[in-house]
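Q: sequence first, then the predicted structure, then my questions.
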Amino acid sequence: MKFRMVDRIIDWQSRRSIAGIKTVSFEEYSIKSAFGGDAYLPESLLMEGLFQLGNWLVMLSSDFEQMGLLVRVEEVTFREPVRPGQQLRMEVDVVSYRKDGISFNGKAIVGNREIAFGRGCLATPVAISDFYNSSDLKVLFSEIYRPIEKDSYKDSQCRD
């Protein structure tokens, strides 16, 4: 994953769900300021973070034998932008996990506000070896996996 949009994975359950965090820094090269307005994370990169998180779940659930290639997204809703300094919690839930396709829903949360939602994301599982070195991904996972209690997230360093 050359364009890393998941800073930390905080929880995952094989073939069921995964949660992660992306902190939007002030130096982030992907931040845009449209027409001199406030800087924010582009919506496309917010969705990329959710897609990457879902892909981590596919990789983890297959012991790094498979990854998912996104083939469809039914619906995406953006409610408000993510600004520099904010911490984005991303959650992806599996709707269906089959050999021929994995269906997900995902949401992005800042503080207690759901700021984006995606429904009907479909990924086709493919051999990870065709794209990445699984050993490198295992090392990366060991660096970003730091579980926390689900209820303690509200009390963590998340900024609104």
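A: Yes, it's here.

Q: please pull out the lowest mean pLDDT helix or strand from the chain.
A: Every helix and strand in the chain was compared by mean pLDDT, DSSP states H and E; the lowest is strand 32-33, with a mean of 66.

Q: which residues in the chain form strands?
A: For the chain, the strands defined by DSSP state E cover 8-13, 17-23, 32-33, 39-40, 66-72, 75-78, 87-98, 101-110, 113-127.

Q: buried residues in the lengthiest helix in the chain?
A: In the chain, taking DSSP state H as the definition, the longest helix is helix 43-61. Neighbour counts over helix 43-61 (16 or more other Cβ atoms under 10 Å) mark 45-61 as buried. Quick note: C-beta positions are derived from backbone N, CA and C, even for glycine.

Q: can you lay out the strands of the chain as CSV showing distance to S142 and mean neighbour count?
A: Shown next, in CSV, are the strands of the chain (distance: least, Cβ to Cβ, whole Å; neighbours: other Cβ atoms under 10 Å):
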stretch, distance to S142, mean neighbour count
strand 8-13, 11, 18
strand 17-23, 15, 22
strand 32-33, 32, 12
strand 39-40, 31, 17
strand 66-72, 17, 16
strand 75-78, 31, 13
strand 87-98, 20, 18
strand 101-110, 24, 21
strand 113-127, 22, 17
